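S.K.: Generate coordinates for the sequence data below:
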Amino acid sequence: RFWPARPYDHYTFLVHAAVGARGGLEHLAGSVLGVEPESWAPAARRVEAGNRERDDDSETGVYDLLELASHELFHAWNVKRLRPRALGPFDYTRENYTRELWIAEGFTSYYDGLLVLRSGEISVKAHLQRLADSIARLRDTPGRRVQSLEESSFDAWVKLYRPQDDSPNASVSYYLKGSLVALLLDLWLRELRPDGNGLDGVLAELWRRGPGSLDTLGPSTANTYSYPGFTSEDLARILGEHSGLGEVPRAVRALWNEPTDLDFGPLALLGLRLSEKPVGPGLIELGFTIQDRGGAPWVEFVRTDSPAERAGLAPGDELLAARRVDGSWLRLRSARAPRVWDHLQPGLPAELLVSRRERVLTIPVAFAAARGAPHIERIADADSAACARFEAWSGRRWSDP
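M.R.: Coordinates of the predicted model:
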């Protein structure tokens with residue numbers, strides 16, 4: 001129902017359910033999905049026990065599969081037919097550079113979850129939490145302030161697909177940030193045109209002026225490539241028209257052509273509030289991620305401007321032990337690292353014992369307090385206009401759980 005037309009007669013999902021499988025690949029009339037079957041175990045136990053009441057905690061693996069299938073199916077329109085100008089016909093002997101992957105993949109990542117929500121196959125509460133989790137991942141990516149979405153798209157071949165130790169500090173995913181920019185564009189349009197259908201209408205119009213304008217639109221590759229493709233400016237023109245302003249203001253364009261932080265205050269238009277769920281007192285923010293190598297924790301990435309970076313911790317360090325300066329050394333192993341961190345206190349001096357290129361070093365560090373987790377909830381006393389906008393956006397009733 002989302003798109004003006006269906007460009008295939010039959011659609012086939014090929015599902016590889018195997019331990020470690022992940023991701024998907026879209027085709028003209030089907031897609032290949034890689035899914036982790038063990039992630040379905042909690043939901044399977046619920047069903048086998050005869051419990052028909054869904055529990056969001058047990059459904060996580062199912063929700064992941066549904067959003068993956070939704071994502072690849074959405075690509076049958078957005079990417080396989082409605083695509084950036086540089087993406088077809090492909091030259092398979094070299095990279096194909098484009099600045100529009102934030103539209104191709106980011107918009108698809110926005111709608112993969114939203115359309116599962118509209119289908120009724122996920123609870124409203126679970127969808128809002130998954131949206132908050134995306135906001136948390138972006139918040140924890142310092143590269144969002146370094147690289148714009150257009151740059152992220154263009155640099156995909158040399159950065160996204162060739163990650164380095166410092167990638168999260170210097171780059172941002174056009175999937176992740178692109179999906180959240182799509183959300184903000186949707187809210188911007190719905191604020192200016194409360195009786196409109198937001199970003200839905202923009203994509204439908206982009207389709208009608210592109211692939212939808214062709215006489216035939218079956219699964220033929222020849223028909224597909226008779227459409228020359230779109231650019232960011234094509235999208236901007238339609239955004240301007242649907243906003244009623246005639247053009248896109250510079251502040252809105254900055255969402256994709258500048259490395260700007262995102263303001264999620266407009267969620268209030270839907271009667272939603274973004275807040276931070278406080279964490280337990282005394283918990284620390286590491287400022288780095290760990291990679292397990294045979295049970296031993298190694299530093300994978302160090303966040304810029306974190307106490308860990310200022311202390312001199314570096315990717316590739318093997319973590320041997322940790323202690324408060326007034327306490328005993330505690331051996332670090334991947335499986336028990338969280339219990340070791342529990343002995344450390346934010347702001348108080350601590351030490352890490354690390355192995356770096358076979359030399360053992362002691363690194364003094366005072367960790368910061370852990371940040372709260374982003375949380376999105378419905379405002380209890382939201383006005384009727386906000387509730388109506390929420391229902392138009394989500395396809396669900398305001399009272400739905």
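S.K.: where does the protein dip in pLDDT?
M.R.: 215-223 (pLDDT under 70).
S.K.: center of it, which residue is that?
M.R.: What sits nearest the mean C-alpha location of the chain, by Cα atoms, centre = their mean, is residue 176, with 3.2 Å.
S.K.: who's in contact with that residue?
M.R.: By Cβ atoms under 8 Å, 6 or more residues apart in numbering, residue 176 lies in contact with 106, 109, 134, 137, 138, 141. Glycine gets a C-beta too; all of them are placed from N, C-alpha and C.
S.K.: ok, residue 245 to residue 286 distance?
M.R.: From residue 245 over to residue 286 the distance is 45 Å, taken as Cβ to Cβ, to the nearest Å.
S.K.: for residue 94, same thing?
M.R.: In this view, residue 94 and residue 286 are 40 Å apart by Cβ to Cβ.
S.K.: okay if I get the contacts of residue 176 as JSON lines plus neighbour count?
M.R.: Output for those, formatted as JSON lines (neighbours: other Cβ atoms under 10 Å):
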{"residue": "106", "neighbour count": "26"}
{"residue": "109", "neighbour count": "25"}
{"residue": "134", "neighbour count": "19"}
{"residue": "137", "neighbour count": "14"}
{"residue": "138", "neighbour count": "20"}
{"residue": "141", "neighbour count": "20"}
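S.K.: any idea which element residue 256 lies in?
M.R.: Using DSSP states H and E, residue 256 falls within helix 250-257.
S.K.: what packs against that helix?
M.R.: helix 149-154, helix 176-192, helix 232-243 (3 or more Cβ pairs under 8 Å, 6 or more residues apart in numbering; DSSP states H and E).
S.K.: The last one - contacts with which helices or strands?
M.R.: The helices and strands touching helix 232-243, judged by 3+ Cβ pairs under 8 Å, 6+ apart, are helix 176-192, helix 198-209, helix 250-257.
S.K.: And for it, what's in contact with it?
M.R.: 99-100, 103, 150, 185, 188-189, 192-193, 196, 201-202, 205-206, 209, 246-248, 252-253, 256-257.
S.K.: the inter-axis angle of that helix versus helix 176-192?
M.R.: Going by axes from the mean of the first three to the mean of the last three Cα atoms, to 10 degrees, helix 232-243 is angled at 30 degrees with respect to helix 176-192.
S.K.: Could you export helix 232-243 as PDB, CA atoms only?
M.R.: The C-alpha trace of helix 232-243 is given here as PDB (Å, rounded to 0.1, in the frame of the first residue of the first chain):
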ATOM      1  CA  SER A 232      19.900  14.700  -4.000                       C
ATOM      2  CA  GLU A 233      18.600  17.800  -5.800                       C
ATOM      3  CA  ASP A 234      15.700  15.900  -7.300                       C
ATOM      4  CA  LEU A 235      14.700  14.800  -3.800                       C
ATOM      5  CA  ALA A 236      15.200  18.400  -2.500                       C
ATOM      6  CA  ARG A 237      12.800  19.800  -5.200                       C
ATOM      7  CA  ILE A 238      10.100  17.400  -4.200                       C
ATOM      8  CA  LEU A 239      10.700  18.000  -0.500                       C
ATOM      9  CA  GLY A 240      10.300  21.800  -1.200                       C
ATOM     10  CA  GLU A 241       7.100  21.200  -3.100                       C
ATOM     11  CA  HIS A 242       5.600  19.000  -0.400                       C
ATOM     12  CA  SER A 243       6.600  21.300   2.400                       C
END
